[in-house]
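> Provide a 3D model corresponding to the input given below.
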Amino acid sequence: MPRSKRRLLLADDHPELLREIQQLVATQFDVVGTAGDGLTLVKMAEALEPDVVVTDLRMAGLSGIDAARAILQQKTCRAVVLLTMYDDSRLIKSALDAGILGYVLKAAAGEDLIAAIEAALQGAVFVSQTGPSTGGKSV
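From the prediction side, this is the model:
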């Protein structure tokens, strides 16, 4: 029997923001766990095998990019989406080079996060846009 909702694992080192993210995605996805640091995220991804990991960039232990590399190397999930406050082309390039399919700005999470997760599930790259258009785009 196919699953009705895709399984997500979320990580952020700010518990209140983590709860907000969980509430944002819970209507469309099954949140199977949350982590507050990069090392815990890698361990949980291995144990829970989510469809997608959504992670903050800056966390204790391992950064979101380093955690994503480890998770994608383990092949324990289909895709990783990075959620960050940093609008920096060098970080976007580093994330994409690591195999991360989504780069979502926290300021645009309400508009972009679900679209980024959906794009990642299809194997497409999604990057939040800044400036007047605020909407992200699949590449």
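> roughly how far does Tyr86 sit from Val31?
Computed with CB to CB, to the nearest Å, the distance linking Tyr86 and Val31 is 24 Å. All C-beta atoms are positioned from the backbone trio N, CA, C, and that covers glycine.
> thought Leu91 was touching Leu57?
Yes: if you go by CB atoms under 8 Å, Leu91 and Leu57 touch, sitting 6.9 Å apart.
> now do the contacts for the nearest residue to Ala70 once chain neighbours are set aside.
Excluding the flanking residues, the one nearest Ala70 by CB to CB, 6 or more residues apart in numbering is Val42, at 4.7 Å. Contact criterion CB atoms under 8 Å, 6 or more residues apart in numbering gives 62, 67, 70-71, 74 as the residues in contact with Val42.
> can you pick out the residue with more neighbours from Tyr86 and Val31?
Val31 (18 against 13; other CB atoms under 10 Å).
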